[in-house]
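Asks: Fold the following, please.
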Amino acid sequence: MIEKRYKKEERGITLIALIITIIVMLILVAVTIQVTISGGIFSKAGEAVGKTKTAEKNELDMIDDVVNKIDNINSKPNAPEVMEGMIAVTWDASQKSWVKTDETKDDWYEYGTTQSTKRWANAVTVKKDGTKEAEGETLIAGSKTREQYQEAETGTPILQEDILGMFVWIPRYAYKIPQENYHTSNAGIIDIKFLSGTSGTKDMIDGVEYNATTTSNFTKFPDGYVVHPAFSVENGEDEKIELTGIWVAKFEASSNTTEGNNPENEKSNMKDKYGSSKGAEYASADANTEAIATPSNDSDQVTIRPNVTSWRNINVKNCYIACTNMVKEDNIHGLTSSTDSHLMKDTEWGAVAYLTQSRYGNPQIAGDDTSGVWINSYSAGDGNEGTTYGTTRTGMVGIGEGAVNGRDTFTDYYSYQTKTTLHENGSITIAYQSFNTNGGTRTDTRTNTYYTYETNEGVHGSTTGTIYGIYDMSGGAWDTIASYLDLTDNTKNTNLTYFQNSVPQKHKSMYKASSTQNSNANYNEEENIARYGIGVWETCKASDGETSWGSVYSRFVHNTAPFQVRGLSFSYDICPGVFSLGRNRRGWMV
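Replies: Numbers count the residues shown, from 1 in each chain. Model (predicted):
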């Protein structure tokens, strides 16, 4: 997660221009409705019905766009600050490539409510010297150096092999949760107001603080909009840094030692689903997990790329170190110390999740099974019967045999592949055989087809439902974050000790431990209940069960598993989702 403070002159559409625009658009809507009715549309069938539905959708989209413009007169999203080393990009569908764009203009991104306007701002970092042929110093076709890309014209394609990091801008906003969905397991549509500059509640319409008084002791959401806490960073005693937005990794993190798409020699040692190690005997003989387990040298650095193996088998201490190394001197991305890179906290995960569950994102809607973020259920199933490791792959979605969508498609944790088929369109079909870890025989089989992030199916795995969103927020590998139960009597957990003593306040968040330190008591601790914007109390009705929004997995932290994990994994019995939460003993990325 990357964040930056900056000030920007406020810009907006003039009131008279807006009125004229709205009047013209409303007249167009009225004309369309009048023509539709006077044309005897109800007496026609077949093709005419289809045209009516198309017209209705267009009219609704138009009205929605008008409402969007009205809502944002005083809440235009903050422009992204493209950091040194980053290149602003947009997606060129005709070239099937990210291309360089002009970051000084404001038309390369949109935070709208229709599919065509859900174009959250994206930026990339690239290799310093481009991508070279396997033998020699010649660049592969289309490759360029970082300097060449920075000096290139707008519209220049950026080769995927040259990209090291991909990031998405989340602008500062305030939010409101529907009262009927507050502190339940039923997902509601979150109301969002984008904020200009670093304005707070006193500067905006219907702004209110979130506290025991405004929530009637946390039994309801306040009557107004609350500034999301991800944009107010604690930097010591009584000091806060106000942010205009944050950059968030577009995919789960990978290592720069990972080359290609899930090569055979990159099988990770899979932990069991609750984070305890199964032992090195389950790693393949040629696995390089030791090489990437600890960021101990300059050759092991974080990358953010699609279609590669996630960086797993790494504890939370080393996760944090690897993330901060992204801006150290001579880092591979070209970022500088003016950028603050760190492991994501619960507030920052919440900022993405809440925007996703708004009309500006890809919300899960009750009664619509295809809505919401689809699960990254990919597992290569490259273990054998009796083992549980499996290679993940970033930015994927899976659709089970006979299923119509990938929101509820899982892969059996205890399974191995029996057949893999590569299709001409780039999709992959894998057939699995389940096994019983306690002995005996299981005959369960499962077949899933997987799609990459840029395909028509794959974009359902993003937070926007378009290629411009963030992926791997549901499924994939377990995502450990820099949020934990603050155990004052900790003597054995070295990862917890490291966070308590060595990580600055602005890079972490803590939950207060109850006297019993069990999950239910911790969840109901008043200080923890009072925390907001993090996808726990507001969007989860109980500490344990399938009780988070969307009836997905929820396990709150306790004394033997103090680290929080989000998004969960590809496994069918975990119930992953954007609002899912779990716990982990040492913060392993599994």
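
Asks: Break the protein down into its domains, please.
Replies: Following automatic domain parsing, the chain resolves into domains at 15-71, 87-170, 173-245.

Asks: among those domains, which is nearest residue 463?
Replies: Judged by Cβ to Cβ, the one of those that comes nearest to residue 463 is domain 87-170, at 7.8 Å. All C-beta spots, glycine's among them, are computed from the backbone N, C-alpha and C.

Asks: Let's test this: mean pLDDT of that closest one, rounded?
Replies: Mean pLDDT, domain 87-170: 96.

Asks: now do stretch 402-419
Replies: Mean pLDDT, stretch 402-419: 82.

Asks: Distance from that stretch to the middle of the chain?
Replies: Using Cα atoms, centre = their mean, to the nearest Å, the distance from the centre of stretch 402-419 to the centre of the chain it belongs to is 21 Å.

Asks: Flag the shaky bits of this protein, pLDDT-wise.
Replies: Residues of the chain that meet the criterion pLDDT under 70 lie in 1-75, 200-205, 237, 258-299, 382-390, 436-442, 572-574, 586-590.

Asks: where exactly do the helices run in it?
Replies: For the chain, the helices defined by DSSP state H occupy 15-38, 47-71, 146-151, 289-293, 316-324, 346-356, 494-502, 519-523, 526-529.

Asks: hmm, back to that, tell me which of the domains of the chain lies nearest to residue 410.
Replies: Closest to residue 410 of the domains of the chain is domain 173-245 (Cβ to Cβ; 18.7 Å).

Asks: Any idea how far apart the tips of the closest one sit?
Replies: 9 Å (Cα to Cα, to the nearest Å).

Asks: Then stretch 323-337?
Replies: The first residue of stretch 323-337 is 13 Å away from its last residue (Cα to Cα).

Asks: chain center to it, what's the gap?
Replies: Worked out by Cα atoms, centre = their mean, stretch 323-337 lies 22 Å from the chain centre.

Asks: Show me which residues of that stretch are buried.
Replies: 323, 324, 325, 326, 327, 331, 332, 333, 334, 335 (16 or more other Cβ atoms under 10 Å).

Asks: before we move on, the earlier item: okay if I get the domains of the chain as CSV plus mean neighbour count?
Replies: Shown next, in CSV, are the domains of the chain (neighbours: other Cβ atoms under 10 Å):
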stretch, mean neighbour count
domain 15-71, 12
domain 87-170, 17
domain 173-245, 18
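
Asks: Quick one: these as CSV, columns for distance to residue 417 too.
Replies: Listed next are the domains of the chain as CSV, based on distance: least, Cβ to Cβ, whole Å:
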stretch, distance to residue 417
domain 15-71, 41
domain 87-170, 26
domain 173-245, 33
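
Asks: Those domains: which one's closest to residue 349?
Replies: domain 173-245 (8.6 Å).

Asks: for residue 255, what are its contacts?
Replies: The contact partners of residue 255, by Cβ atoms under 8 Å, 6 or more residues apart in numbering, come to 292, 300, 301, 302, 303, 311.

Asks: Dig out what the fifth one forms beta bridges with.
Replies: Taking DSSP bridges, one finds residue 254 as the beta-bridge partners of residue 303.

Asks: in terms of contact, does it touch residue 166 like I think?
Replies: No. With contact defined as Cβ atoms under 8 Å, residue 303 does not reach residue 166; the gap is 9.1 Å.

Asks: before we move on, back to that, so which of the buried residues of stretch 323-337 comes closest to residue 239?
Replies: residue 324 (20.4 Å).

Asks: which ones are touching the closest one?
Replies: By Cβ under 8 Å, 6+ apart, the neighbours of residue 324 are 341, 342, 507.

Asks: sorry, back to before: quick one: which of the contacts of residue 255 has the most company?
Replies: Counting neighbours by other Cβ atoms under 10 Å, residue 311 leads those with 27 neighbours.

Asks: Report the separation between it and residue 257.
Replies: Applying Cβ to Cβ, to the nearest Å, the value for residue 311 to residue 257 is 9 Å.

Asks: and if you look at residue 485?
Replies: Residue 485 sits 33 Å away from residue 257, going by Cβ to Cβ.

Asks: ranking the contacts of residue 324 by neighbours, who comes first?
Replies: Counting neighbours by other Cβ under 10 Å, residue 341 leads the contacts of residue 324 with 24 neighbours.

Asks: now that one: how far from residue 333?
Replies: For residue 341 relative to residue 333 (Cβ to Cβ), the value is 9 Å.

Asks: between these two, what contacts are shared?
Replies: Going by Cβ under 8 Å, 6+ apart, residues that sit against residue 341 and also against residue 333 are 326, 327.

Asks: Please enumerate the strands of the stretch 301-450 of the chain.
Replies: 302-303, 340-341, 397-400, 415-422, 428-434, 445-451 (DSSP state E, counting those that start in this stretch).

Asks: Tell me the strands beside the second one, with direction?
Replies: Strand 340-341 sits in its sheet next to strand 2-3 (antiparallel), going by DSSP bridges.

Asks: circling back to that earlier point, when residue 485 and residue 257 are compared, which one has more neighbours?
Replies: Neighbours per residue, other Cβ under 10 Å: of residue 485 and residue 257, the larger number sits with residue 485, 26 against 14.

Asks: so who does that one touch?
Replies: By Cβ under 8 Å, 6+ apart, residue 485 lies in contact with 510, 511, 513, 517, 522, 557, 558, 559, 562, 563.

Asks: In the sheet, which residues pair with it? Tell me.
Replies: Bridge pairing for residue 485 - DSSP bridges - gives residue 511.

Asks: okay but residue 452 is in contact with residue 305, surely?
Replies: No. At 11.9 Å, residue 452 does not count as touching residue 305 under the criterion of Cβ under 8 Å.

Asks: sorry, back to before: closest to residue 526 out of the domains of the chain?
Replies: Between residue 526 and these, the shortest gap by Cβ to Cβ is with domain 173-245, which sits at 8.3 Å.

Asks: what's the distance between that closest one and the middle of its chain?
Replies: The chain centre lies 20 Å from the centre of domain 173-245; the measure is Cα atoms, centre = their mean.

Asks: got JSON lines for the contacts of residue 255, with distance to residue 425 too?
Replies: Shown next, in JSON lines, are the contacts of residue 255 (distance: Cβ to Cβ, whole Å):
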{"residue": "292", "distance to residue 425": "31"}
{"residue": "300", "distance to residue 425": "34"}
{"residue": "301", "distance to residue 425": "33"}
{"residue": "302", "distance to residue 425": "31"}
{"residue": "303", "distance to residue 425": "26"}
{"residue": "311", "distance to residue 425": "28"}
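
Asks: Specify which member of these is nearest to residue 415.
Replies: residue 311 (22.9 Å).

Asks: right, and the closest one touches residue 254 too?
Replies: Yes. With contact defined as Cβ under 8 Å, residue 311 reaches residue 254; the gap is 5.2 Å.

Asks: Mutual contacts of the two, please.
Replies: Jointly contacting residue 311 and residue 254 under the rule Cβ under 8 Å, 6+ apart are residue 302.

Asks: Give the full set of residues in contact with residue 84.
Replies: By Cβ under 8 Å, 6+ apart, the residues touching residue 84 are 334, 335, 336, 338, 339.

Asks: circling back: nearest to residue 446, of the contacts of residue 485?
Replies: Of all the contacts of residue 485, residue 563 has the smallest distance to residue 446: 30.2 Å, by Cβ to Cβ.

Asks: Which strand residues bridge the closest one?
Replies: Judged by DSSP bridges, the bridge partners of residue 563 are residue 484, residue 584.

Asks: swap in residue 92?
Replies: With DSSP bridges as the criterion, residue 92 is bridged to residue 97.

Asks: From residue 467, how far off is it?
Replies: Distance of residue 92 to residue 467, given as Cβ to Cβ: 11 Å.

Asks: Check residue 342 too.
Replies: According to Cβ to Cβ, residue 342 and residue 467 sit 26 Å apart.

Asks: try residue 565
Replies: 27 Å.

Asks: and what of residue 577?
Replies: For residue 577, the distance to residue 467 - Cβ to Cβ - is 21 Å.
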